[in-house]
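Chemist: I would like the atomic coordinates for the input below:
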Amino acid sequence: IDYKSILEKANESIDRKKDNEITFINVGRHDEKQKRLSRIIEAVEMLKKDNIKCKVLLVGDGPEKEKYENFVKEKQLEDYIVFLGAQKNPYPYFKISDCFLMSSEYEGYPVVFIESLILGLPIITTDISDSKEDIENKYGIVTNKSSENIYKAMKTFIQDGIKIEDEFDYKKYNEQILDKLE
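Modeler: Residues are numbered from 1 along each chain as shown. As a prediction, this is how the structure comes out:
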């Protein structure tokens, strides 16, 4: 992982500032079969019903972006969920966020986990690939694949935060990967 480039790119200026509310970020393709962003939208609707404010930044594009935008409008969540579109450099958006949020049904190993950890963000994710081993009780919350459980994890983060076991050592991570490759 080119952590130097990620850290450098995160400092580029963007036209958006940090919101006062806890801000979650999701970066990825807008595709319901795999990414299941509807889970995030439904979870935010539950938070709204509890009078809990937050922001969710959705960075990306895809075949179902319009469907998601309409779903957000239908649920009247425009003050909660912001569509930022595809970004050449998503890292400054990580920097104005408090937590990375993943709602996928399935994934290979998500590089976005490593990018989030390099930028100091805890992670809330559905149980995909090695998330139980790599994220749970170390860098975030792993939940089952339901809107209700994503809502509970988001609410926990908003109210109590997530205790990070250790700061992610991206240099050590690279060394371990290189050792495996050799």
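
Chemist: tell me the phi and psi of L84?
Modeler: Note on L84: backbone dihedrals following degrees, to the nearest 10 are phi -100, psi -10.

Chemist: quick thing: my sequence starts at 380, can you match it?
Modeler: Sure thing, new numbering starts at 380, so read that last one as L463.

Chemist: I'd say it and L437 touch.
Modeler: Yes - between L463 and L437 there is a contact under CB atoms under 8 Å: 6.5 Å. The way it works is simple: take the backbone N, C-alpha and C, and place the C-beta from them, glycine included.

Chemist: between the two, which one's more packed in?
Modeler: Taking other CB atoms under 10 Å, L463 and L437 do not tie; L437 has more neighbours (26 against 16).

Chemist: what comes up buried for the host helix or strand of Y552?
Modeler: Element membership for Y552, per DSSP states H and E: helix 549-560. By 16 or more other CB atoms under 10 Å, the buried positions in helix 549-560 come out as Y549.

Chemist: list the contacts for R415?
Modeler: Listed by CB atoms under 8 Å, 6 or more residues apart in numbering, the contact set of R415 reads S482, S483, E484, T505, K524.

Chemist: can you do 10 Å?
Modeler: Contacts here follow CB atoms under 10 Å, 6 or more residues apart in numbering; on that basis R415 touches E421, M481, S482, S483, E484, Y485, T505, K524, S525, S526, I529.

Chemist: quick one: neighbours of the nearest residue to Y459 once chain neighbours are set aside, just the number.
Modeler: For Y459, ignoring the flanking residues on the chain, the nearest one in space by CB to CB, 6 or more residues apart in numbering is V423 at 5.0 Å. Counted by other CB under 10 Å, the residues lying close to V423 total 25.

Chemist: quick one on the thing from earlier: list buried residues within the contacts of R415.
Modeler: The neighbour-count test (16+ other CB under 10 Å) marks E421, M481, S482, S483, T505, S526, I529 as buried among the contacts of R415.
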